[in-house]
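Colleague: take a look and give me a structure for this.
(one chain, ligands or ions: 1)
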Amino acid sequence: MSEPVEHHIFNGIEMGVGTWAWGDRLVWGFGNGYSENDVREAFLTSIRGGIRFFDTAEVYGQGKSERILGELIEQTGEQVIIATKMMPFPWRVFKGSLRIALKNSLQRLKLNRIALYQMHVHLPPLNPKTWMNRMLDLHEEGLIDAIGVSNYDLTQTIEANETLKKHGARLASNQVEYHLLDRHIERDGLLDYCLAEGIKVIAYSPLAMGVLTGKYTAANPLRGTRAARYSKDYLAKLQPMFNAMARIGNEHEGKTTAQVALNWVVQKRALPIPGAKDGLQAEQNLGAVGWRLTADEMTMLDELSLQVQKSGIL
Ligand SMILES: NC(=O)c1ccc[n+]([C@@H]2O[C@H](COP(=O)([O-])OP(=O)(O)OC[C@H]3O[C@@H](n4cnc5c(N)ncnc54)[C@H](OP(=O)(O)O)[C@@H]3O)[C@@H](O)[C@H]2O)c1
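Modeller: Have a look, this model is predicted:
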């Protein structure tokens, strides 16, 4: 059987960069420890390293992430692939709401069209079919190249994909949380469905919001909102996995724990979009591609992550 063809915007793209932290104060503390200059360095370093795909959303920093990206694209003249998202707040039910949201995103990004427009999440009252039909209108007008969704479960993904197929279009991607500490898409059939249909799985928080760098420990815990999800106890239980990841990294000329975590996502045929707050983080994340974990190492990492899950802390 031939391989399903992915949308052309993903041709040759193994990894992207997530830009939630570029302007977000609430979760990431933008302006406190890192600045607009730092995220500029993250952008430039990523570009120099061959990254072309940048993910943002209208809600990141209440538009600030899109604005920063727009400035960077204008200043550098770089040809990049931008993916942004629309949040379907329950009051955004009228027909023109998607168009208004898109137009506002395009204005902030200083673009005429968007490469990938994604529904951020599924929220009532409208169903995926209605949203996809509205997406199709914008696609036909040439305002969107590819249509994507995010946080859609298997049923919602099938509904979105089938709606688009009826009109000769296709669902390009589903952006979901996927990393060694969250493998729900392997268990519920979403990953297999997307692979079979040529829908790109964009893996968000591929470093588990920084946890999979191994730098956070019980002695150096996370602070702020991230601490609510990944407690000190949780971090302590991850230590055996981090030790094994460091050993595996050493077998590949000293790859870091974060680089091993991101390469695992790539080997699962998903597209990781790690966030980077500055040039150094961006530089280190670039080292996650261009090499391959072995099949044995993948099996070992799969087993270690299952043990973490079985320990009841996930
Ligand atoms: N669709 C959705 O609902 C959704 C949800 C979440 C995220 N996303 C997307 O996915 C992207 C990535 O996810 P994420 O930002 O949540 O988390 P992530 O990529 O798992 O982690 C990013 C954070 O890890 C730390 N980090 C990254 N590289 C590092 C390095 N080389 N060395 C040390 N620390 C490093 C930084 O934070 P510290 O330095 O502060 O630790 C950075 O902000 C987002 O930017 C966004 O585009 C989408």
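Colleague: OK, contacts around the nearest residue to Pro274 once chain neighbours are set aside?
Modeller: In this structure, Pro274 finds its nearest non-sequential neighbour in Asn285, 4.9 Å apart by CB to CB, 6 or more residues apart in numbering. To be clear about C-beta, it is placed using only N, CA and C from the backbone, and glycine gets the same treatment. The neighbours of Asn285, taking CB atoms under 8 Å, 6 or more residues apart in numbering as the test, are 15, 17, 46, 258-259, 262, 274, 276.
Colleague: for the ligand, state which of those is nearest.
Modeller: Pro274 (3.9 Å; CB to the nearest ligand atom).
Colleague: the closest one: how many residues sit nearby?
Modeller: Pro274 is flanked by 29 other residues according to other CB atoms under 10 Å.
Colleague: then His8?
Modeller: By other CB under 10 Å, neighbour count at His8 equals 10.
Colleague: and it, how close does it get to Ala172?
Modeller: Separation of His8 from Ala172 (CB to CB, to the nearest Å): 9 Å.
Colleague: cool, Gln239 as well?
Modeller: Applying CB to CB, the value for Gln239 to Ala172 is 39 Å.
Colleague: what does the stretch 101-250 of the chain put close to the ligand?
Modeller: Contact residues (CB under 6 Å from any ligand atom) of the stretch 101-250 of the chain with the ligand: 120, 150-151, 175, 204-210, 213, 215.
Colleague: one more time with 5 Å
Modeller: 150, 175, 204-205, 207, 209-210, 213 (CB under 5 Å from any ligand atom).
Colleague: just put these in JSON lines and tack on pLDDT, distance to Phe54 and secondary structure.
Modeller: Formatted as JSON lines, these follow (pLDDT from 0 to 100; distance: CB to CB, whole Å; DSSP: H, G, I helix; E, B strand; the rest coil):
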{"residue": "Ser150", "pLDDT": "98", "distance to Phe54": "15", "secondary structure": "strand"}
{"residue": "Gln175", "pLDDT": "98", "distance to Phe54": "13", "secondary structure": "strand"}
{"residue": "Tyr204", "pLDDT": "98", "distance to Phe54": "13", "secondary structure": "strand"}
{"residue": "Ser205", "pLDDT": "98", "distance to Phe54": "16", "secondary structure": "coil"}
{"residue": "Leu207", "pLDDT": "98", "distance to Phe54": "17", "secondary structure": "coil"}
{"residue": "Met209", "pLDDT": "97", "distance to Phe54": "18", "secondary structure": "coil"}
{"residue": "Gly210", "pLDDT": "97", "distance to Phe54": "19", "secondary structure": "coil"}
{"residue": "Thr213", "pLDDT": "98", "distance to Phe54": "20", "secondary structure": "helix"}
